[in-house]
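[1] Have a look at this prediction, sequence included:
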Amino acid sequence: MTLATFWLYLAAVGVISCTPGPNVFYVTTRSIRFGFGSAMVAMTGCLSALAVMLVASVAGVSAFMLAVPAAFAALKYAGAAYLIFLGIQTWRAPVVPLLADPSSREMPSRLALYRGGFLCGISNPKLLVFAAAFFPQFIAPDAPWAPQFALLVATFLAVETTFYVTYALTARRLADRLMTESWQRRVNRVSGVIFAGFGCVLLRYRP
């Protein structure tokens, strides 16, 4: 891979990563409701899922999914169901008065935050197909492929992390305004619709 090719890849990944998706909304809503530290735990779950999906695409799992439509459909429906479930959960999330004792706020465990982030990230099988089609465009065929794939995956994760942190920090700075009872209801409703919308879009996806 030449330096020019790498910079082209970095620019493409930047455009992809800055576009909000289910992972970004999951990390952002955790930041607003529970704080920046909780958002970082959720982010770790999302990144773990992303790493699994990227490595799986390199390992040929995406080719298997495309060759066996039933397997891809099962993964797609499971992912869509989880996103819709997450949307319903977010819509129904309780509203906690801003001036209430902080200890009265029900805080999810780190395991729950990580698990939620991982499930949100792993619920999008489109990434398998995307990575399988996207990565080879930047691979030099006359050089060892393993180091190149490792660089592509590491770069993707680094760029994703940068945008997750940026969105989480921005959301946290607005949290005092967004955590009033009226704004909590609006955030919960809008976020719930967005998560469910991602699930419905996934149902319509055809590789």
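    That came in fine, so what should we check first?
[2] Tell me the buried residues in the strand or helix carrying residue 167?
    For residue 167, the host element (DSSP states H and E) is helix 145-173. Using 16 or more other CB atoms under 10 Å as the test for burial, helix 145-173 gives 148-149, 152-153, 155-157, 159-161, 163-165, 167-168, 171-172. Bear in mind the C-beta positions are built from the backbone N, C-alpha and C, glycine included.
[3] try stretch 30-41
    Judged by neighbour count (16+ other CB under 10 Å), stretch 30-41 contains these buried residues: 30, 31, 32, 33, 34, 35, 36, 38, 39, 40, 41.
[4] any idea how far residue 26 is from residue 34?
    Here the distance between residue 26 and residue 34 works out to 12 Å (CB to CB, to the nearest Å).
[5] Just the buried residues of whatever helix or strand residue 200 lives in, please?
    According to DSSP H and E, residue 200 maps onto helix 181-203. By 16+ other CB under 10 Å, the buried positions in helix 181-203 come out as 183, 184, 187, 188, 191, 192, 194, 195, 196, 198, 199, 202.
[6] Would you format these as CSV with pLDDT and distance to residue 123 included?
    Below are these laid out as CSV (pLDDT from 0 to 100; distance: CB to CB, whole Å):
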residue, pLDDT, distance to residue 123
183, 70, 27
184, 69, 25
187, 73, 21
188, 74, 20
191, 75, 16
192, 79, 16
194, 79, 14
195, 72, 10
196, 81, 13
198, 75, 9
199, 75, 8
202, 69, 8
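[7] would you list these in CSV and tack on distance to residue 49?
    Formatted as CSV, the buried residues of helix 181-203 follow (distance: CB to CB, whole Å):
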residue, distance to residue 49
183, 29
184, 27
187, 24
188, 24
191, 19
192, 21
194, 19
195, 15
196, 19
198, 14
199, 16
202, 15
